[in-house]
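**Student:** Here you go, sequence then predicted model.
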Amino acid sequence: MNLATTHTVVVGQRLAVFSEAPVVRHGNWFSKVMHQAARDGLGLLVITPPTSALSRGLLHVLDRLGGLWLVETDDGTHYLGRSGHSVHLGDDGSAEVLDDPHPGWLREGAAQDRGGLLVQAESLYPRRPRTQVGGLTEALTAALTGDVPLGWGMQEPVTEPWDAKSITRRFSRGEPHDVLLHVAGPLTGNQGGDRRLAAMLEIQRPRNGVVEHVRAWVERDATLDGERPEAVSLQLHRHGVRWAAGQQIAGGDPTVVHPFWLGSPVPAWLQFGPEALQGRDVTALAAFAQEQGAESTRLLGSGPGTGLAVFFPQTPEGAERAGAHPLAAQQGILAHVLGARTD
């Protein structure tokens, strides 16, 4: 199957999007393709060569739509771009996921000397006329970069100047469904000044309020030291975050997903606010976290507004002493408190 630069083909019950772009993003053209697939009742399939990456924003949108990202190699075989599992693609668009990782996923020498941070955070607000969303996004962006976001939009690149009040007016009360927005943060001041925070802001409307859920990715020149996660956790706690989790990513630009193995993310910290901790024994939870493999814990605030921060080992030696894989420990603690795993 030869890939043109960018085109679409109906394959059975899926609309297949072929792209050779170095980074495939959720742009205007791709947004129209998604609407076309939804209108025609088709699933979505993105097929790229091994030289293409997907923006994390596009991959998150694709996940929400139940779509697949396949990588097509020179020999015509396929694998999942995110996990590397080999895939048999049928003529009807069906994708049989196999257990074995594809050799293209396991290629050596692809990692770059760069990396950064992935942070997820969530706040729950009361559903009142004056409730405003965007404050958590601002707090997280400021904690990671020192400034507020630059802009937002429904697609990439974003076109609207950042304005939390405008976002609130347009989406938080009148939209019946969850809303996904792209957010661009300020330049981080790294080499050349061209490394930017990227984020996805999700507005949800459960019965008990309005949820602001943020996923942010930012490149860093160096790995986090012990003080930085504590500082970020304190800033988010002051904002009233319900929960947040930070992970370090190495081997490439953290704002995109490459179609090859770069290693597992390394959990840096996890935190819970008073709303998530309601009815729980914080001291017992801190002990549980350390039993699961956390390196240390810290109380945030005091009294009814107390939160808990959990920090994980950042070295192989520390992880070995903890006796558990930090990623499994982080997910296990999240599941214990929230009752479900996060992606």
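**Tutor:** On my side now, so go ahead.

**Student:** residue closest to the middle of this protein?
**Tutor:** The centroid of the chain falls nearest to R215 when counting by Cα atoms, centre = their mean (4.5 Å).

**Student:** which residues does it bridge with?
**Tutor:** Taking DSSP bridges, one finds Q120, M200 as the beta-bridge partners of R215.

**Student:** Kindly state the pLDDT recorded for it?
**Tutor:** Per-residue pLDDT puts R215 at 96.

**Student:** Check the spacing between it and V158 real quick.
**Tutor:** 15 Å (Cβ to Cβ, to the nearest Å). Bear in mind the C-beta positions are built from the backbone N, C-alpha and C, glycine included.

**Student:** for the helix or strand hosting A287, packing partners?
**Tutor:** In the assignment (DSSP states H and E), A287 maps to helix 282-292. The helices and strands touching helix 282-292, judged by 3 or more Cβ pairs under 8 Å, 6 or more residues apart in numbering; DSSP states H and E, are strand 296-300, strand 307-311, helix 326-338.

**Student:** Parallel or antiparallel, list what pairs with the second one.
**Tutor:** Looking back up the chat, that one is strand 307-311. In its sheet, and by DSSP bridges, strand 307-311 pairs with strand 266-272 (antiparallel), strand 296-300 (antiparallel).

**Student:** Surely L150 touches E160?
**Tutor:** No: using Cβ atoms under 8 Å, L150 is not in contact with E160, being 10.0 Å away.

**Student:** how far away is Q132 from G209?
**Tutor:** Taken as Cβ to Cβ, the span from Q132 to G209 is 13 Å.

**Student:** list residues touching both of the two?
**Tutor:** Y125 (Cβ atoms under 8 Å, 6 or more residues apart in numbering).

**Student:** And for R170, the neighbour number?
**Tutor:** Neighbour count for R170, taken as other Cβ atoms under 10 Å: 15.

**Student:** Any figure for the gap between it and G153?
**Tutor:** 12 Å.

**Student:** got it, and E96?
**Tutor:** Taking Cβ to Cβ, one finds E96 at 36 Å from G153.

**Student:** if you count what's nearby, which of the two comes out ahead?
**Tutor:** G153 (14 against 9).

**Student:** isn't the more buried one right up against I167?
**Tutor:** No: the criterion here is Cβ under 8 Å, and G153 misses it with I167 at 10.5 Å.

**Student:** any shared contact partners between the two?
**Tutor:** If you check G153 and I167 against Cβ under 8 Å, 6+ apart, the residues they both contact are L181.

**Student:** who's W243 bridged to?
**Tutor:** Applying DSSP bridges, one finds that W243 bridges with E122, F272.

**Student:** picking that back up, now the helices and strands packed on helix 282-292 in a markdown table, with mean neighbour count, distance to R82 and mean pLDDT?
**Tutor:** As requested, the helices and strands packed on helix 282-292 are exported to a markdown table (neighbours: other Cβ atoms under 10 Å; distance: least, Cβ to Cβ, whole Å; pLDDT from 0 to 100):
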| stretch | mean neighbour count | distance to R82 | mean pLDDT |
| --- | --- | --- | --- |
| strand 296-300 | 17 | 32 | 95 |
| strand 307-311 | 26 | 26 | 96 |
| helix 326-338 | 19 | 15 | 91 |
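
**Student:** This completes my enquiry, with thanks.
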